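Peer 1: how would this look folded up:
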Amino acid sequence: KQKKKMAELLADTIYYCPVYGPFFGFLGSTAALSLACIGAAFGTAKSGVGVSAMGIQHPGLVMKSIIPVVMAGVLGIYGLIVAVIISSKMVNVDQGYSVYSGYAHLAAGLSCGLANLAAGFAIGIVGDAGVRASAQQSRLYVGMVLILIFAEALGLYGLII
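Peer 2: Numbers count the residues shown, from 1 in each chain. From the prediction side, this is the model:
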């Protein structure tokens, strides 16, 4: 009777926790980190080009205009945080990592990664144009910073999910 119970428990574990379950969890961790870093890299590069071009005409404004580069770099940290959280939830297959958990971790990683990718694009484009425009007209600086804050919030939403 006990052997029959053990056999049923093993069958349930194999059915609900197959060996390919952790693949989706690791894929979610990878997606969170890599997509967020792609967004951060794009935002840093695009806004860095704007800061460099503006620095030729107005070298004194370079340090004031470095905000988009810093904000873009933070997006990579958001992806790192989610990837570490997902990785810490990963367990060995023999301890019972279900496909449901794998799909949940994949969805969380994709949500974070894609949100930060979009935020990186927004920060890069706004940072490039905003830095160049604020060098010509200083009253545009506050507007640029507000737009950058809202773009950064997109990446923060992905972290919260």
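
Peer 1: quick one: residues contacting Y141.
Peer 2: Residues near Y141 by CB atoms under 8 Å, 6 or more residues apart in numbering: K64, G130, S134. Just so you know, the C-beta spots here come from the backbone N, C-alpha and C atoms, and that holds for glycine as well.

Peer 1: for the residue lying closest to the second one once chain neighbours are set aside, give its distance to Q136.
Peer 2: The shortest distance from G130 to any non-neighbouring residue, by CB to CB, 6 or more residues apart in numbering, is to M144 (3.3 Å). In this structure, M144 and Q136 are 12 Å apart, going by CB to CB, to the nearest Å.

Peer 1: more neighbours: which of those two?
Peer 2: Applying other CB atoms under 10 Å to M144 and Q136 shows that M144 carries more neighbours, namely 20 against 10.

Peer 1: my guess is the more buried one contacts A133. True?
Peer 2: Yes. Look at M144 against A133 with CB atoms under 8 Å: they come within range, at 7.2 Å.

Peer 1: flag every buried residue along stretch 31-49.
Peer 2: 31-44, 46-48 (16 or more other CB atoms under 10 Å).
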